[in-house]
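Undergrad: I'd like to go over a predicted model; first the sequence, then the structure.
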Amino acid sequence: MPLVKIKDHYQITLPNNLRKNFNIAIGDYMEIEKKEGEIILRPVKLIRPEQEYFYTKAWQKGEAEADKDIAEGRVAGPFSSVNDLANELES
């Protein structure tokens, strides 16, 4: 179990392996709970409500598929007119 020291302003430094394991970055938030005489820290990721859709598994799967299509050159266009674009979308 890592040992950390309380520094000025009662700050602690999280060990590197824990930061990497829990994907904790500067500016992230931690939830603190007192439980049976212990202090429990939990990483909390804050997401704006209007951006929650982006972090769903379904959306992320679609993003990954789109990235793969782009990387493999499976993209349409450029189009010389809006009609050409509309025809491509309908086909």
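TA: Right, received. Where do you want to start?

Undergrad: look at Lys34 and report its pLDDT.
TA: Here, the pLDDT recorded for Lys34 equals 96.

Undergrad: Glu33: which element?
TA: Secondary structure from DSSP states H and E places Glu33 in strand 29-35.

Undergrad: helices and strands around the helix or strand that that strand is followed by, which ones?
TA: Note on strand 29-35: by DSSP H and E, the next helix or strand toward the C-terminus is strand 38-44. Helices and strands touching strand 38-44, by 3 or more C-beta pairs under 8 Å, 6 or more residues apart in numbering; DSSP states H and E, are strand 29-35. For every residue, glycine as well, the C-beta is placed using N, CA and C.

Undergrad: now the strand it packs on, how far from the centre of its chain.
TA: 21 Å (C-alpha atoms, centre = their mean, to the nearest Å).

Undergrad: ok, back up a step: what's the strand holding Glu33 packed up against?
TA: For strand 29-35, the elements it packs on are strand 38-44, judged by 3+ C-beta pairs under 8 Å, 6+ apart.

Undergrad: domain ranges for this structure?
TA: As assigned by automatic domain parsing, the chain contains the domains 8-44, 49-90.

Undergrad: how about those in CSV, adding mean neighbour count and distance to Met1?
TA: Output for the domains of the chain, formatted as CSV (neighbours: other C-beta atoms under 10 Å; distance: least, C-beta to C-beta, whole Å):
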stretch, mean neighbour count, distance to Met1
domain 8-44, 10, 10
domain 49-90, 10, 32
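
Undergrad: which one of those domains lies closest to Pro2?
TA: domain 8-44 (4.5 Å; C-beta to C-beta).

Undergrad: quick one: end-to-end length of the closest one, please.
TA: End-to-end span of domain 8-44 (C-alpha to C-alpha, to the nearest Å): 24 Å.

Undergrad: can you check stretch 15-32 too?
TA: Criterion C-alpha to C-alpha; first-to-last residue distance in stretch 15-32 is 17 Å.
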